[in-house]
Each structure stands twice: as structure tokens, then as C-alpha cells.
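S.K.: here are the coordinates; sequence isn't available:
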């Protein structure tokens with residue numbers, strides 16, 4: 001009875017709460033710049049690789065790592081003006097929380113715990129839910145985490161672990177929408193490292209009671225990571241897009 005109670009209305013209320021918290025008007029000046037860039041891309045049908053807006057830095061190299069998101073953002077503006085921009089933002093934020101909720105479910109976290117946690121997270125983070133590319137990276141990171149949890153469960157279920165390769169076209173979209181795609185590479189790399197460590201422990205004497213290692217699954221995970229790295233170069237800036245986060249932080 002209690003399980004049925006927490007399976008319906010509370011989740012609907014949580015979705016409504018997240019939507020309400022994320023549905024605020026434009027409050028960051030960067031959003032207008034992203035809109036203008038999206039307009040330029042769609043008008044000229046090209047991705048600018050050099051500064052085309054400012055006077056003092058005109059012609060300087062510009063790593064437009066967010067060009068795809070900006071083009072979609074301007075399309076939303078063209079269709080429904082500011083309401084379209086806000087709706088796009090809300091859908092992305094709701095997706096991020098939805099993927100996180102599904103991950104918690106796969107971890108078998110009780111709704112009595114996960115729903116309050118997600119509601120608290122909504123109050124803590126949605127005030128930063130601007131119509132900017134970083135929200136897309138947050139949603140993608142949640143999606144990758146969900147995909148990796150699903151892949152781990154496929155070891156003991158009649159599922160197709162090779163479906164993890166579907167992340168490759170998704171990664172191409174991410175690599176052209178925000179430099180946060182490097183977090184997807186890091187997350188997948190950490191997951192593969194964890195699987196390799198577990199595989200090593202299973203091979204040690206005295207650990208014979210552990211589930212048998214499936215080399216095929218490790219191979220798929222390794223191929224996926226290699227494919228994600230390769231897909232990262234499918235952007236107008238190539239290697240510069242990968243190095244951009246390091247340049248921004250002064251680490252390169």
C-alpha cells in the first residue's frame with residue numbers, strides 16, 4: 001500500500017515543483033549573447049571560428065564550443081519568443097532530474113528517500129537554471145550516469161549491453177553543445193577503471209565466490225570509451241574543443 005502511494009502523486013508533484021522552480025525569466029546577460037550567436041549561425045549558415053562581434057578582439061580565435069545549443073536556443077526564440085526559450089530550459093532541467101530519478105531507482109533507493117532528496121536538490125540548484133548551455137551538460141551527465149548504471153545491470157539480465165554504443169551519436173551532439181562533454185569522458189573512464197579493478201579482484205585467489213568476469217562487457221565498455229573520445233573531435237574546433245576547459249581554467 002505504501003509503495004503504491006509513493007509511486008504516483010509524489011512523483012507528479014516533484015515534476016511540477018522542478019518545472020515551477022526552473023520556469024523563471026531570463027536573468028543572465030549571457031543568454032542574450034547566446035541568442036545572438038545562434039542568430040548569426042542560422043543566418044550565415046556557418047559556425048564562427050573567429051570573433052565577429054567585438055571591436056577590440058575582432059578576428060581573434062573563438063572556440064565556439066556551444067554553437068549547436070545556441071542555434072537551437074535561437075530556433076526556440078524564433079518559434080515562441082521568450083516563452084520558447086524558457087520552455088526549452090525547463091524541458092532540459094526536467095530531463096536532468098528525470099534521469100537522476102531513474103538512476104536512484106536503479107540503485108534501489110526508496111522513493112521515501114529519493115523524492116525528498118530530489119526536491120531539496122531542486123531548491124538548491126534550479127536558481128542557476130539559466131537558458132545557457134551548461135544546463136544541457138548537466139542533463140547529459142545525468143543521462144550518461146543512467147546509461148552506465150543500466151549497463152552494469154545488464155551483466156545479470158537478458159539485455160543487450162552493446163546498446164551502450166548509442167551514447168556515441170548523443171556524444172556528438174554534446175560535443176557541439178558545450179565543453180562539459182569532457183565530463184562524460186571522465187565519467188565513462190572512471191566507470192571503466194572501476195570495472196577493471198573489480199575484474200582484477202575477481203581473479204585473485206580467495207575471491208572465487210565473485211561473479212565470473214564477462215570479457216565481452218569490458219570490451220564493449222572500452223570500445224564505447226574509445227568511440228566517445230573519437231566522437232569528441234566531430235566538432236568545428238577539433239582538438240581545441242577538448243582543450244578549451246583546460247584553457248579556461250588556466251591549466252593548459
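M.R.: Nice, thanks for sending it over. Note that the structure is a prediction, hence the values are computed from the model and not measured. Residues are numbered from 1 along each chain as shown.
S.K.: what's the following helix or strand after the host helix or strand of residue 125?
M.R.: Residue 125 is part of helix 111-125, with elements assigned from DSSP states H and E. Heading C-terminal from helix 111-125, the first helix or strand you meet, by DSSP H and E, is helix 134-153.
S.K.: Now do that next one: which elements does it pack against?
M.R.: With contacts defined as 3 or more Cβ pairs under 8 Å, 6 or more residues apart in numbering; DSSP states H and E, the secondary structure elements packing on helix 134-153 are helix 67-106, helix 167-175, helix 181-203, helix 215-231. C-beta: built from backbone N, CA, C; applies to glycine.
S.K.: Next, the buried residues of it.
M.R.: Residues 135-152 are the ones in helix 134-153 that count as buried (16 or more other Cβ atoms under 10 Å).
S.K.: what about it, average pLDDT?
M.R.: Model confidence over helix 134-153 averages 93 on the pLDDT scale.
S.K.: Residues contacting that helix, please?
M.R.: Outside of helix 134-153, the residues that reach it under the criterion Cβ atoms under 8 Å, 6 or more residues apart in numbering are 69, 89, 92-93, 95-97, 99-100, 102-103, 106-107, 129, 159, 161, 164, 167, 170, 174, 177-178, 180-181, 183-184, 187-188, 191, 217, 220-221.
S.K.: From those, list just the buried residues.
M.R.: Restricting the contacts of helix 134-153 to buried positions leaves 69, 89, 92-93, 95-97, 99-100, 102-103, 129, 161, 164, 167, 170, 174, 177-178, 180-181, 183-184, 187-188, 191, 217, 220-221, with burial counted as 16+ other Cβ under 10 Å.
S.K.: What separation is there between residue 66 and residue 115?
M.R.: If you measure residue 66 against residue 115 using Cβ to Cβ, to the nearest Å, the figure is 33 Å.
S.K.: Compare the two (neighbour count), which wins?
M.R.: residue 66 (22 against 19; other Cβ atoms under 10 Å).
S.K.: I'd assumed residue 133 was in contact with the more buried one.
M.R.: Yes - counting by Cβ atoms under 8 Å, residue 66 touches residue 133, with 4.2 Å between them.
S.K.: List of residues touching the helix holding residue 125?
M.R.: Counting by Cβ under 8 Å, 6+ apart, 6-7, 10-11, 14, 17-18, 21, 97, 100-101, 104-105 sit against helix 111-125.
S.K.: All set, thanks.
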